[in-house]
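A.B. asks: for reference, the sequence and a predicted model appear below.
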Amino acid sequence: MLICSMVSVQLGAALAHPAMAAYGPFATTWGRLAWAAIILGVIVRPDLRRYRSREILTALALGATIAMMTLFFFVAITRVPLGLVVAIEFLGPLGVAALGFARSWRLIWLVLAFAGVLLLVRNQAGWSVDMLGFMFAIAAGTGWAAYILLSKRIGKVFKGLEGLAISFAAAALISTPFGLYETGFALPGGLAVQTVGLAVLTPLLPYALEMMALRRLSSATFGILMSAEPGIGALAGYLVLHEPLSLQQIGGIALVMIASAGAVISARE
């Protein structure tokens with residue numbers, strides 16, 4: 001499930017570039033979230049009466065996290081190559097994994113991951129990426145960490161995908177002002193057409209798969225099993241967007257993936 005989720009996310013991100021070029025990252029993200037909310041809401045039809053207000057608030061918090069994480073991520077990939085954004089953003093799940101480490105020496109994997117990110121963003125001439133894009137990627141990673149922790153709680157208290165349906169509705173509402181502002185408070189017909197398919201690739205399919213996976217895995221295990229994500233993002237960026245990477249940047253991605261693999265091995269000890 002996680003492999004399908006990662007491929008869907010990165011393919012959806014790469015294929016979104018034409019829509020973002022035409023309508024902007026905020027508007028495209030808004031369209032995806034709106035379609036995801038509509039599709040999942042019709043399929044699941046969550047019954048709010050069976051849940052307590054505290055549980056509903058948790059789902060709304062996840063919706064706010066999804067909205068901001070998605071907005072930051074898609075703004076970042078308009079400024080920084082997809083593979084680099086994913087590797088930088090991956091510090092979020094790796095941080096979640098670190099919270100589950102019983103022994104402090106395992107934090108070496110976080111240090112290794114940070115070293116990998118430094119290889120991605122700096123060279124002898126200084127910063128090698130757009131710094132605003134870098135900051136958006138860091139913000140997306142922070143949101144990703146919160147998403148993992150909140151999704152785990154949602155999966156425990158909500159039936160099926162009802163919690164995710166509520167979260168998507170909240171995310172769509174939160175992203176609406178950003179999308180409307182970018183479109184000049186209009187709704188282009190082309191935006192609705194182009195984002196319906198993108199919504200299935202990201203966020204509908206991967207988030208649903210991840211929600212099911214988190215019911216079976218701990219948050220720490222989930223975070224470290226996503227170690228293939230930076231590599232998949234780099235491959236999608238190269239194949240779909242023709243975004244080349246330097247040897248130093250490839251080395252940085254490799255370090256992030258090695259850190260994740262090391263965390264998996266040490267967590268079993």
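C.D. replies: Happy to help now that I have it. Residues are numbered from 1 along each chain as shown.
A.B. asks: helices of the chain, start to end?
C.D. replies: 2-15, 17-23, 25-44, 53-76, 82-89, 91-99, 108-121, 131-157, 162-182, 189-199, 205-214, 219-225, 229-241, 247-267 (DSSP state H).
A.B. asks: which of those helices has the lowest mean pLDDT?
C.D. replies: When the helices of the chain are compared by mean pLDDT, helix 219-225 comes last with a mean of 62.
A.B. asks: and the gap between the nearest residue to T58 once chain neighbours are set aside and A36?
C.D. replies: Closest residue to T58 apart from its sequence neighbours, by Cβ to Cβ, 6 or more residues apart in numbering: R153 at 5.8 Å. From N, CA and C alone the C-beta is placed, and that goes for glycine too. To A36, R153 is 20 Å away according to Cβ to Cβ, to the nearest Å.
A.B. asks: and for G184?
C.D. replies: 23 Å.
A.B. asks: compare R153 and A36 (neighbour count), which wins?
C.D. replies: More neighbours surround A36 than the other of R153 and A36, with 30 against 17 (other Cβ atoms under 10 Å).
A.B. asks: thought the more buried one was touching L204?
C.D. replies: Yes: with contact defined as Cβ atoms under 8 Å, A36 reaches L204; the gap is 4.5 Å.
A.B. asks: number of nearby residues for M6?
C.D. replies: Neighbour tally, M6, other Cβ under 10 Å: 24.
A.B. asks: just name the most buried of the helices of the chain.
C.D. replies: Sort the helices of the chain by mean neighbour count, taking mean count of other Cβ atoms under 10 Å, and helix 82-89 sits at the top with a mean of 29.
A.B. asks: what angle do it and helix 247-267 make?
C.D. replies: Helix 82-89 runs at 40 degrees relative to helix 247-267, counting by axes from the mean of the first three to the mean of the last three Cα atoms, to 10 degrees.
A.B. asks: what's in contact with helix 82-89?
C.D. replies: 10, 13-14, 73, 76-77, 80, 116-117, 120-121, 129, 133-134, 137-138, 140-141, 144, 229-238, 241, 243, 245, 249, 252-253, 256 (Cβ atoms under 8 Å, 6 or more residues apart in numbering).
A.B. asks: stretch 43-60 too?
C.D. replies: 150, 153-154, 157-167, 170.
A.B. asks: ok, I166 to V44 distance?
C.D. replies: 9 Å.
A.B. asks: pretty sure A14 sits against H242.
C.D. replies: No: with contact defined as Cβ under 8 Å, A14 does not reach H242; the gap is 10.2 Å.
A.B. asks: tell me the contacts of the residue lying closest to Y23 once chain neighbours are set aside?
C.D. replies: Leaving aside its chain neighbours, Y23 sits nearest to L191 (5.0 Å; criterion: Cβ to Cβ, 6+ apart). Neighbouring residues of L191 by Cβ under 8 Å, 6+ apart: 19, 22-23, 27-28, 31, 183.
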